[in-house]
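Visitor: coords please:
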Amino acid sequence: MDTEGVLPFAVDDPLLTSAEAAEMLGVSRWWFGELVRRGRVGPCARISGRLRVRRSVLDRYRAEQAGDPEDPYLTYEDIGAYLGVSSWTAGELVRRGLLTGTRIGRRVVVRRSAVEVYIEACTG
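Guide: Numbers count the residues shown, from 1 in each chain. Below is the predicted model of the structure:
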């Protein structure tokens, strides 16, 4: 069987270092390591003592975190623009428990449906 010129892996799906993966996810290298240790990102490989991960694994993780496209996550800035208030006020709504937030990396995000329920409660 002639396998000359055929690579055993996908060239368009490269292995990334932990620093590159952390940058792609918008988190610190430490937090990326925590995501791997907690089993939220994987499979990963240790090559020469260094953590490596395929880009497709990170794309799949980001897609899972993004959730339903019909009910996207909103940042404090998005909520502020949606409600016509400052991003600080949007954060206060989450801190006071009036909006239910989820932590993704360093950010706290809220589903748009939760903001709609809050609006209905205030206007209803």
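Visitor: and the gap between residue 101 and residue 48?
Guide: Using C-beta to C-beta, to the nearest Å, residue 101 is found at 39 Å from residue 48. (Each C-beta comes from the backbone N, C-alpha and C, glycine too.)
Visitor: give me the more crowded residue out of the two.
Guide: More crowded of residue 101 and residue 48, by other C-beta atoms under 10 Å: residue 101, with 21 against 5.
Visitor: pLDDT score assigned to residue 71?
Guide: pLDDT, residue 71: 81.
Visitor: show me the helices in the protein, by range?
Guide: Remark: helices assigned in the chain by DSSP state H are 18-25, 29-37, 55-66, 76-83, 87-95, 112-123.
Visitor: among these, which is nearest residue 43?
Guide: helix 55-66 (6.8 Å; C-beta to C-beta).
Visitor: may I see the buried residues of that closest one?
Guide: 55, 57, 58, 61 (16 or more other C-beta atoms under 10 Å).
Visitor: contacts only, for residue 74.
Guide: By C-beta atoms under 8 Å, 6 or more residues apart in numbering, the contact list for residue 74 reads 82, 109, 110, 111, 112, 115.
Visitor: against residue 59, how distant is the first one?
Guide: I take that to be residue 82. Residue 82 sits 27 Å away from residue 59, going by C-beta to C-beta.
Visitor: nothing else from me, thank you.
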